[in-house]
Each structure stands twice: as C-alpha cells, then as structure tokens.
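**Q** The sequence and its predicted three-dimensional model are supplied below.
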Amino acid sequence: MPHLRLPAAENSVLVGVLRCLKQTDFNVAIDIAAHANQKLRDKLGNVLTDIWTRNSSDADAASGQLTSHEDIQTYMKEMLREHIDTNKSVLLKCDNDTLCTWILGFVTSWELQYKDSPSKYDISENILSVMTESVQYVTPYMQGTAFDVAVRETRLAADIRELRETLPLLDRDGAVVRFYFRHPRIARYMVLIAGKLLQKRECNRSGSYCSTRQRADVARELDRVVCDLKFKMQALDLSEDGGPDEWLLYALDHRNIDRFVARARREAPRVGETEAAAP
C-alpha cells in the first residue's frame, strides 16, 4: 500500500486505497455470514441488507433517503413497460434477437447509471457488532504481541493526531475493529472467530431451534480457531512489515470516498494544461 502522507495531487491514489478497503470490508462481511451459515443473497442475487447495507456517516445525513434499491427497480420496470407499449408496433416487426438486445440494452443502461451514482455502503450493524465482540474476545491473547492495541496506539499517537486532520480516519474503537479484520496476517482467523460467534448467537436466540449437540459443535469449532490464532501470534514475524503509515492505512473510513473522488477530479490537470506544461 502507498505512503499515507499524500500531497493534494495524489488524491486519486487515496481513492484507490479507499476502494480497496471497501472491497475488503465487503468480503469480510460476506465471509462472516457464510461461516455462520446465514443466507447471503435474495432471489435477484443482491446481498442482503443484514450483511451489507446502505448507510450514512452521520445521523444528520441519514434522513432524506427518498429512494431505495427496490424503488429504482420498480421505476425501471414501469419505464420498460411504457417503452414497450409505446413502440409495440415497431418491436413486433423485429426478430427475437433484436428485441432481446433492445430490452437488455435498456436494462443495462439503467443499471450502469445506478451503479455509478454516489452511494455509501458498509458492513451492517448486525455483522459489525459480532466483529466488535470478536476483537474483545481475542484481546487477551494479543497482549505483548505486535497486535497489542494499547502498545501500537501509544507508538502511533503522534501520527494519528497529524493524519486525522487530512485523512478520513475512523474513531478509535472503529479503527481497532477494522484493523484486526483488514490486516492480512490475522484477518482469516478473525473472520472465522466472528462467524462462529455469530452462529453461536443464533443458536442461543430465544425461539430458534438448535440441539445441544449443535451448540457444542459450534463452541468446539470456535475454541479450535482461537487456539490456531494463539499459535499464529506466537510464531508471527512482522520484521518485514511496513512502518506506522502502512499500519494506519487499515484505519481509513471508506464511506468518505465520494468526497475524495470529487476532489481528485477537481485537481486532475486538464489535457490542454498538461500539453502546455510539457517541454
């Protein structure tokens, strides 16, 4: 990953980092739900909001969301039906391949436009809560290791204060959770632990059926993953890992990506200006 102290002209690099972190968080949410044997997608193939959901970075901006994904689908179907009714006489003269191409082109253009619209999606509260529980669960095993949060926080205090002025860093607790689940050295173990904790939570939920044997199996699988993590921490060598800047990359908040995309576009040199500046 690139160096954190980016000049204004390198906002495009930061945008790439934020997009990478967003994809990482998406994969983490999907994997946790999968390990917990939860349903992942609806009948249209969309990821369920219980896993990956549209959200706002603050409560003030959370209101005013007039359209949802379902609303857009409804509008698209209505518009497609109106276009077909209006052009029925022409479409009836077309062969099946031409008609199919026309319909697919109409739908695709809508979906591409919707995909490019600014939107803030992040891990759902349901998954995020079990991620937080997982961090608390493994904290005792991290003491005295390279992933000891208290020690790492003390070492990076000055960098955090400086970078918080220019970069979208998460709050302290949120940064710790994302750090554990984003760092490639331990993310796999954290995902497994979170998945089993979520599955165990569902087993213990009032009104849901789960046999004593199944609860014991989940607890045994959780203990095995935690044991694997403890052995991993004992043998972990971070001598070749990056410095403080690279560690702080895992604390960035990708929900602010729209702001940095707009800034990168404003600061991108125009073609004419680039040619004029060339020798």
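**A** Perfect, I can see it now.
**Q** just for the protein, where's the confidence low?
**A** When residues are selected by pLDDT under 70, those of the chain lie in 1-11, 56-66, 68-69, 115-119, 204-213, 237-245, 258-279.
**Q** Break it into its domains for me.
**A** Domain assignment for the chain, taken from automatic domain parsing, gives 8-57+123-264, 69-116.
**Q** can you redo those domains as CSV with mean neighbour count?
**A** Every residue, glycine included, has its C-beta placed from N, CA and C. Formatted as CSV, the domains of the chain follow (neighbours: other CB atoms under 10 Å):
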stretch, mean neighbour count
domain 8-57+123-264, 16
domain 69-116, 11
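**Q** Give the helix, strand or coil label for Asp50.
**A** What DSSP: H, G, I helix; E, B strand; the rest coil gives for Asp50 is coil.
**Q** Look up how far Ser124 lies from it.
**A** Distance, Asp50 to Ser124, using CB to CB, to the nearest Å: 6 Å.
**Q** Same question for Asp85.
**A** According to CB to CB, Asp85 stands 39 Å off from Ser124.
**Q** wait, is Lys43 part of a helix?
**A** No. Going by three-state DSSP, the assignment for Lys43 is coil, not a helix.
**Q** ok, it to Asp31 distance?
**A** 22 Å.
**Q** do Ala146 as well
**A** Ala146 is 23 Å from Asp31, by CB to CB.
**Q** Asp122 belongs to a strand, doesn't it?
**A** Yes. Using three-state DSSP, the assignment for Asp122 is a strand.
**Q** So that it lines up with my notes, have the first residue be 899 from now on.
**A** Okay, residue one is now 899; in that scheme the one you just asked about reads as Asp1020.
**Q** my guess is it meets Val926, correct?
**A** No. Between Asp1020 and Val926 there is no contact, the gap being 10.9 Å when judged by CB atoms under 8 Å.
**Q** Show residues contacting stretch 1089-1097.
**A** Contacts to stretch 1089-1097, defined as CB atoms under 8 Å, 6 or more residues apart in numbering, come from residues 926, 929-936, 1025, 1028-1029, 1031-1032, 1035-1036, 1079, 1116, 1119-1120, 1123-1124, 1127.
**Q** tell me the contacts of Ala1073?
**A** Applying CB under 8 Å, 6+ apart, the residues near Ala1073 are Leu1067, Tyr1148, Ala1149.
**Q** Dihedrals phi and psi, it?
**A** Backbone torsions of Ala1073, given as degrees, to the nearest 10, read phi -70, psi -40.
**Q** what's the answer for Gly1042, then?
**A** When read as degrees, to the nearest 10, the backbone of Gly1042 gives phi 80, psi 0.
**Q** and the gap between it and Trp1145?
**A** Distance from Gly1042 to Trp1145, by CB to CB: 17 Å.
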